[in-house]
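Student: how would this look folded up:
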Amino acid sequence: MRIRSSRFTVIGGELYKRSYSGILLRCLNSTEATYVMRVIHEGNCGNNSGGRALAQKILRQRYFWPSLAKDALKFSKRCKNCQFSSNIPHVPPKRFGQRKFAAVVVEHITKGVEVEAVAKINENEVMKFL
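Tutor: Have a look, this model is predicted:
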């Protein structure tokens, strides 16, 4: 407790936390924290960049509260614009063995389709498929 409390100080009736680089971060209560998140996220400089980026912006503005990272992630998940403009994680499809390509043949008259997973796209694989 003594080590943790050494990182905090009171100046002019306000509580501050000393960051690792020595900068004083103003500690906020939950109401102030919500207001700061909204202003930084939706303000003139807000660009819907996501929770981690929002948390870093708040720290650069010299604000702190214990659940900053968690609250910033939750706030950005509720933002409709953030969800619309966020990156879509690209998960590779599950493969059967080492087969990562699909050979497809469409019969011209009946429009029947045949598909088979192949490991390589080369003449031997295609001939085996046909």
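Student: tell me how far the residue lying farthest from the centre of the chain lies from residue 124.
Tutor: Most distant residue from the mean C-alpha position of the chain: residue 109, 48.2 Å away (C-alpha atoms, centre = their mean). Distance, residue 109 to residue 124, using C-beta to C-beta, to the nearest Å: 28 Å. To be clear about C-beta, it is placed using only N, CA and C from the backbone, and glycine gets the same treatment.
Student: just residue 69 next, same as before
Tutor: 53 Å.
Student: for these two, indicate the residue with more neighbours.
Tutor: residue 69 (15 against 9; other C-beta atoms under 10 Å).
Student: hang on, the more buried one packs against residue 52?
Tutor: Yes. Using C-beta atoms under 8 Å, residue 69 makes contact with residue 52 at a distance of 7.4 Å.
Student: max-length helix in the protein?
Tutor: helix 30-42 (DSSP state H).
Student: neighbouring contacts of that helix?
Tutor: If you take C-beta atoms under 8 Å, 6 or more residues apart in numbering as the criterion, helix 30-42 is touched by 28, 46, 48, 54, 57-58, 61, 63, 65, 68, 71-72, 75-76, 79.
Student: what's the answer for stretch 7-25, then?
Tutor: With C-beta under 8 Å, 6+ apart, stretch 7-25 has contacts from 26, 27, 59, 62, 63, 64.
Student: show the end-to-end separation of it, please.
Tutor: Start-to-end span of stretch 7-25 (C-alpha to C-alpha, to the nearest Å) is 10 Å.
Student: give me the buried positions along that stretch.
Tutor: 16, 17, 25 (16 or more other C-beta atoms under 10 Å).
Student: average pLDDT for that stretch?
Tutor: Throughout stretch 7-25, pLDDT has a mean value of 91.
Student: kindly report the same for stretch 118-126.
Tutor: 85.
Student: buried ones in it?
Tutor: 118, 125.
Student: for that stretch, how far is the first residue from the last?
Tutor: 9 Å.
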